[in-house]
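K.L.:
Sequence and predicted structure below; questions after.
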Amino acid sequence: MRCPVCQNFENRVLESRPADSGYSVRRRRECLKCGHRFTTYERVEVAPITVIKRGGQRELFDRSKLFQGAMRACEKSGVSEIDLERVVSEVESNLQQRSLREIASLEIGMLVLTQLRTVSEVAYIRFASVYSQFQSLEDFLKVLEQLRSGTFPPVE
């Protein structure tokens, strides 16, 4: 690590401690040449995930887009922000654990639906209506019947 003042590579670590709820390490360092003290952060490098959209376009996975989409489905349904954050974290964790770094948006939608089932039936139906592109009342009734029967099969 280079000293930000004199650009020397030689320094010593004075203190290390967890930061960002354990997702990084904060280190206080001292340059051995000029004595300047500075702070560095060490984080796990995560390989980026590419989302393949319905039209074939590719874009980098964006957690905030996932959160906002789920939040829209959960509006006025009584789902707390903590529960919503848990849903998004579970989906993101599932994606990070996969060996393939390109994932279809349809798969991501299925993961969100799986998580929303346990949180709110209303949010599940709202998300499913957009994700599955419901075209008629019959599409809604089919999902409502599945909810009533307790089967919760994934929406195609």
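P.N.:
Sure thing, it's come through.

K.L.:
Tell me how many other residues surround the closest residue in space to residue 63 that isn't next to it in sequence.
P.N.:
Leaving out its chain neighbours, the residue that sits closest to residue 63 by CB to CB, 6 or more residues apart in numbering is residue 92, at 5.8 Å. Backbone N, C-alpha and C define where each C-beta goes, glycine included. Using other CB atoms under 10 Å, the number of residues around residue 92 comes to 18.

K.L.:
do residue 34 as well
P.N.:
With other CB under 10 Å as criterion, residue 34 counts 12.

K.L.:
Enumerate every residue touching residue 49.
P.N.:
60, 61, 95, 96, 101, 102, 103 (CB atoms under 8 Å, 6 or more residues apart in numbering).

K.L.:
Could you give me the ChimeraX selection string for whichever of the residues you listed are buried?
P.N.:
Those of the contacts of residue 49 that count as buried under 16 or more other CB atoms under 10 Å are selected in ChimeraX with:
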select :61,95,103
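
K.L.:
tell me which of the contacts of residue 49 is nearest to residue 17?
P.N.:
residue 96 (24.6 Å; CB to CB).

K.L.:
was I right about that closest one contacting residue 45?
P.N.:
No. With contact defined as CB atoms under 8 Å, residue 96 does not count as touching residue 45 (11.8 Å).
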